[in-house]
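Asker: Predicted model and sequence follow; I will ask about them next.
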Amino acid sequence: MTQDKSDTSLIALSDPLTALSLLSRLPLPATDDARASEAAWAYPLVGFVIGALAAVIGAVAHGLGLPAALCALLALTALVMLTGAMHEDGLADMADGLWGGWDREARLEIMRDSRIGTYGVVALVLSLSARFAALWLLFESGPALASAALVGSGTLSRAAMPVLMAALPHAREDGLSHRVGRVTGLTASIAVAVASIIAVLTIGAGFFWAFIWGALVAFALAMIAKRKISGQTGDILGASQQLVEITVLFVLLA
């Protein structure tokens, strides 16, 4: 069911469901696509759900006596499957485009191509390896710490997406990000506030440095995207989620 486009309320009860439908592969009922941009404040809630489900799988595996490496692998597999690897795809396309093209038009065209190149393969290998290694060490420290890290990193990393959507213009006139629409600064601020509350409750004292380093990584990516393609795309947003998630996991290991 959809609502009239005149519904411009800041927050709606349907927003979390709309965000989940957009950013996950969970079987969900029809959502209000007309509120796609307004629902961006709920992206951290998607991170909470995805991270919590992966944490449960990892914790159950740990409770069954599986080694930390297998617990980490199962949790990571859950993260990928629950999102349909959409953020991983964005990271690969971003790497291919930003570093494989010589000018803005070529970079955008490469990012649109469904085929993966050398830069994309390297980015995926490094991303998956980094998260696997971090989760392995976290599960070795205990399932509670690993579970908190999964929820905290999933939440904070998805707060970066609406921030970039508000800070940067669309780099092209089509694509997923363009269909969602431009996010307001207030919506992005609410997303950051929601993510911060959840992260404080889950990772506690680790929140401060996780937030700072995650913000720095998101800012750096935003500056690179602005210089290379003059804005953001869905691939840039997906890459921001991956890079911030890795950063938070590494910070929590320190």
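Answerer: Ah, there it is.

Asker: what stretches of the chain score poorly on pLDDT?
Answerer: For the chain, the stretches with pLDDT under 70 are 1-8, 30-32, 175-178.

Asker: Helices of that one, residue ranges please.
Answerer: 15-23, 43-63, 68-83, 86-100, 104-112, 118-141, 143-167, 176-180, 185-203, 207-229, 234-253 (DSSP state H).

Asker: A34 is nearest to which of these?
Answerer: Of all the helices of the chain, helix 15-23 sits nearest to A34, with 9.2 Å by CB to CB. The C-beta positions use only the backbone N, C-alpha and C, and glycine is treated the same way.

Asker: Summarise which helices and strands the closest one is packed against.
Answerer: helix 43-63 (3 or more CB pairs under 8 Å, 6 or more residues apart in numbering; DSSP states H and E).

Asker: For the helices of the chain, give me CSV that also has mean neighbour count and distance to R35.
Answerer: Listed next are the helices of the chain as CSV, based on neighbours: other CB atoms under 10 Å; distance: least, CB to CB, whole Å:
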stretch, mean neighbour count, distance to R35
helix 15-23, 22, 6
helix 43-63, 22, 13
helix 68-83, 20, 21
helix 86-100, 24, 20
helix 104-112, 17, 27
helix 118-141, 18, 31
helix 143-167, 26, 13
helix 176-180, 18, 10
helix 185-203, 19, 11
helix 207-229, 18, 24
helix 234-253, 25, 18
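
Asker: okay if I get those as TSV plus distance to D33?
Answerer: Shown next, in TSV, are those (distance: least, CB to CB, whole Å):
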stretch	distance to D33
helix 15-23	7
helix 43-63	16
helix 68-83	19
helix 86-100	17
helix 104-112	22
helix 118-141	29
helix 143-167	16
helix 176-180	9
helix 185-203	16
helix 207-229	25
helix 234-253	15
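
Asker: quick one: which of those helices is nearest S9?
Answerer: Per CB to CB, nearest to S9 of these: helix 15-23, 9.5 Å.

Asker: just how off-centre is the closest one within its chain?
Answerer: Computed by CA atoms, centre = their mean, to the nearest Å, the chain-centroid distance of helix 15-23 equals 13 Å.

Asker: Alpha carbons of that helix, as PDB, please.
Answerer: The C-alpha coordinates for helix 15-23 follow below in PDB (Å, rounded to 0.1, in the frame of the first residue of the first chain):
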ATOM      1  CA  ASP A  15       9.500   4.100   7.800                       C
ATOM      2  CA  PRO A  16      11.500   1.200   9.500                       C
ATOM      3  CA  LEU A  17       9.600  -1.300   7.300                       C
ATOM      4  CA  THR A  18      10.300   0.900   4.200                       C
ATOM      5  CA  ALA A  19      14.000   1.000   5.100                       C
ATOM      6  CA  LEU A  20      14.200  -2.800   5.700                       C
ATOM      7  CA  SER A  21      12.500  -3.400   2.400                       C
ATOM      8  CA  LEU A  22      15.100  -1.300   0.600                       C
ATOM      9  CA  LEU A  23      18.300  -2.400   2.400                       C
END
